[in-house]
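>>> Attaching a predicted model along with its sequence, questions to come.
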Protein chains: 2
Amino acid sequence: MTNTSMEAECKFRVSNVDETRACLERAGAVFLKVEEHRDTYLRHPCRDFRSTDEALRIREIDGQPFITYKGPRLAGPIKIRPEIELPLGSGTVEDWLQIWGHLGFAVALTVPKSREIYTLDRHARRVTITLDHVESLGYFAEIERIITNQEEIELAQQDIQEIGRLLSLSEVEPRSYLGLLLAKLGARQPE
Amino acid sequence: MTNTSMEAECKFRVSNVDETRACLERAGAVFLKVEEHRDTYLRHPCRDFRSTDEALRIREIDGQPFITYKGPRLAGPIKIRPEIELPLGSGTVEDWLQIWGHLGFAVALTVPKSREIYTLDRHARRVTITLDHVESLGYFAEIERIITNQEEIELAQQDIQEIGRLLSLSEVEPRSYLGLLLAKLGARQPE
C-alpha cells in the first residue's frame, strides 16, 4: 500500500478567531486537539519548486518528524494535489537536514505554527478543519478533505465551499505559509 | 548528536571463500551474523554522483530499510569517506522511492547480496570484516573501521593493510558493487 493520497483543501484568512471558533461550535464541528508544528521547507537543487508547484517539507508535530512531498495542484477553485507523507525517526531531523544539504537541498524557511484540529461530518462525508496560528502572519482556517479517487474531486470542492460559507469564511488565501512569509520578508519566493 | 561518521574501508576480491573463512578463524575473528542486503542506488537529478564521488542508497537489511548518504573519498590508499545512515520506517521503501522519484532521483540499480559479518580486535582497536556474496559478481571481503577523528586515519589505514595481509587478501577492488555491476551490464556507469 502506498501513502500517496490526494488532498483537497482551501485556506481562508481569519480576522476574528473567537468568532470562527463559535461558528465551528454552532456547525457541530468536533475539536480534536492542538498540535505544535515546526515546518522546514527545502529548496530543490536544480528545480524551482515555485514554478513546478511542488513542495518538500520536514514537519515536526509536537517534536515528532515527518517528511512530506506535495505535487503540483490540479486546476480548479479548490487546491487539490498529491501528497506523500512518511514518518522520520525520532530525533533525526538534524541528520536528515545534513543528508538533504549534501544533496543540494537548502532550507528555504522554517515556519512554526499552532494548529487546532476539528472534524465535521457533512452528508456522511468527513472534513477536517484546522485553525492555524502562524507566527507573524496571524490566524488562518483550512478546510480539507482526503480524496481517494477522481470521482470525489467535485464532491470535495462542493463540501469545502459549503463549509466555508457555513463558517463565515470568505477571504480565500491561495498562497502557502511559506510563500506568505517569504513575501513578508521581502525575499524572492523560492518555494 | 549526529550520525555522520567516517568510514575507512578496503575491498578485496575473494577467489576461495572457504580459504578466507579459514584465515578469519585462524586470525581470531569472531563471526557475528549473516545479513541479507538489498541495496538500491539512486541517481541525483542534476549531479553525476560518479564524478562527485557520492552515493545515495536505500539498504534493506533483512527487510529493515535504511537511507545512506556517502560523501567523497579522501585521497589515500584506503577508501575513507563521510557517511550518514538513518533508519526508514518499516515497509516504507516503495513510498520513499516514490518521493525520490518525484524529486528526480531515479533508481540506478538494485544490488542484492549476502553479508557475513566478523569482528577482529587488533592492537585494542576493533575492525569489522565482511564477507559479501554479490549476485553475478561473486565473493568479496571488506575490512572496515569507523573513524571519529582525523588522527585515527593513519592508524586505520595501517590496521586495514595489516589485516589484509593476515587474511591473505591481496587483490584490492577499488570499484563499488554498483560500478562493477553496471560495467558488467555494459551500461555507462552513472554512479
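Arrived safely, thanks for sending. For clarity, every value in this text was computed on a predicted model and none was experimentally measured.

>>> residues from chain A in reach of chain B?
Proximity of chain A to chain B, by Cβ under 8 Å from any Cβ of the partner chain, involves residues A:2-4, A:44-47, A:54, A:56, A:67, A:69, A:71, A:84, A:86-89, A:92, A:94-96, A:98-99, A:102-104. C-beta coordinates here come from the backbone N, C-alpha and C atoms, glycine included.

>>> who's in contact with the closest residue to residue A:31 other than its chain neighbours?
Distances taken as Cβ to Cβ, 6 or more residues apart in numbering or on different chains place residue A:118 nearest to residue A:31, at 5.4 Å, with adjacent residues excluded. If you count contacts by Cβ atoms under 8 Å, 6 or more residues apart in numbering or on different chains, residue A:118 has them with A:24, A:29, A:30, A:31, A:32, A:128, A:129, A:130, A:131.

>>> Assign a three-state SS to residue A:118, would you?
Here residue A:118 is recorded as strand under DSSP: H, G, I helix; E, B strand; the rest coil.

>>> So for the residue in chain A that chain B sits nearest to, what pLDDT did the model give?
Chain A approaches chain B most closely through residue A:46 (3.3 Å), counting by Cβ to the nearest Cβ. At residue A:46, the pLDDT value in this model is 95.

>>> I'd say it and residue B:46 touch.
Yes - in this structure, residue A:46 is within contact of residue B:46 by Cβ atoms under 8 Å, at 3.3 Å.

>>> any shared contact partners between those two?
Taking Cβ under 8 Å, 6+ apart as the contact rule, residue A:46 and residue B:46 both touch A:104, B:104.

>>> Just confirm residue A:129 is within a strand.
Yes - under three-state DSSP, residue A:129 falls within a strand.

>>> Who does it form a beta bridge with?
On the basis of DSSP bridges, residue A:129 is bridged to residue A:118, residue A:143.

>>> quick one: pLDDT of it?
For residue A:129, the pLDDT comes out at 97.

>>> OK, contacts around it?
Going by Cβ under 8 Å, 6+ apart, residue A:129 touches A:24, A:29, A:117, A:118, A:119, A:120, A:141, A:142, A:143, A:144, A:163, A:167.

>>> try it again with 10 Å
Residue A:129 sits next to A:20, A:23-24, A:27, A:29-32, A:116-120, A:141-144, A:160, A:163-164, A:167, A:169 when contact means Cβ atoms under 10 Å, 6 or more residues apart in numbering or on different chains.

>>> cool, residue A:156 as well?
A:6-10, A:76, A:78, A:80, A:125, A:127, A:143-147.

>>> top of the residues you listed by neighbour count?
residue A:143 (26 neighbours; other Cβ atoms under 10 Å in any protein chain shown).

>>> Hmm, it is touching residue A:167, no?
Yes - at 7.9 Å, residue A:143 and residue A:167 qualify as touching, with contact defined as Cβ atoms under 10 Å.

>>> Not counting sequence-adjacent ones, nearest residue to residue A:108?
Distance criterion Cβ to Cβ, 6+ apart; nearest residue to residue A:108, sequence neighbours excluded, is residue A:41 at 4.4 Å.

>>> same deal with residue A:24?
Nearest residue to residue A:24, sequence neighbours excluded (Cβ to Cβ, 6+ apart): residue A:118, at 5.5 Å.

>>> buried set for whichever strand or helix holds residue A:159?
In this assignment (DSSP states H and E), residue A:159 forms part of helix A:152-166. Within helix A:152-166, the residues that qualify as buried are A:152, A:153, A:156, A:157, A:159, A:160, A:163, A:164, A:166, counting by 16 or more other Cβ atoms under 10 Å in any protein chain shown.

>>> With stretch A:20-27 instead?
Across stretch A:20-27, burial judged by 16+ other Cβ under 10 Å covers A:20, A:21, A:23, A:24.

>>> What of stretch A:57-71?
In stretch A:57-71, the ones that count as buried by 16+ other Cβ under 10 Å are A:57, A:58, A:59, A:60, A:65, A:67, A:68, A:69, A:70, A:71.

>>> Would you map the strands across chain A?
For chain A, strands defined by DSSP state E occupy the ranges A:4-13, A:30-42, A:55-61, A:64-70, A:79-87, A:107-122, A:125-134, A:138-147.

>>> where are the low-confidence patches of chain A?
Applying pLDDT under 70 to chain A flags the ranges A:1-4, A:187-191.

>>> how far is stretch A:73-81 from where the chain is centred?
Averaging C-alpha positions (Cα atoms, centre = their mean, to the nearest Å) puts stretch A:73-81 13 Å from its chain's average.

>>> start to end distance for it?
Here the two ends of stretch A:73-81 are set 4 Å apart, with distance taken as Cα to Cα, to the nearest Å.

>>> now stretch A:130-140
Using Cα to Cα, one end of stretch A:130-140 lies 8 Å from the other.

>>> Contacts for it, please.
Stretch A:130-140 is contacted from outside by A:9, A:11-17, A:20-21, A:24, A:29, A:31-32, A:34-35, A:37, A:39, A:110-118, A:141-144, A:167, A:169, A:171, A:173, A:177, A:180-181, A:184-185, using Cβ under 10 Å, 6+ apart.
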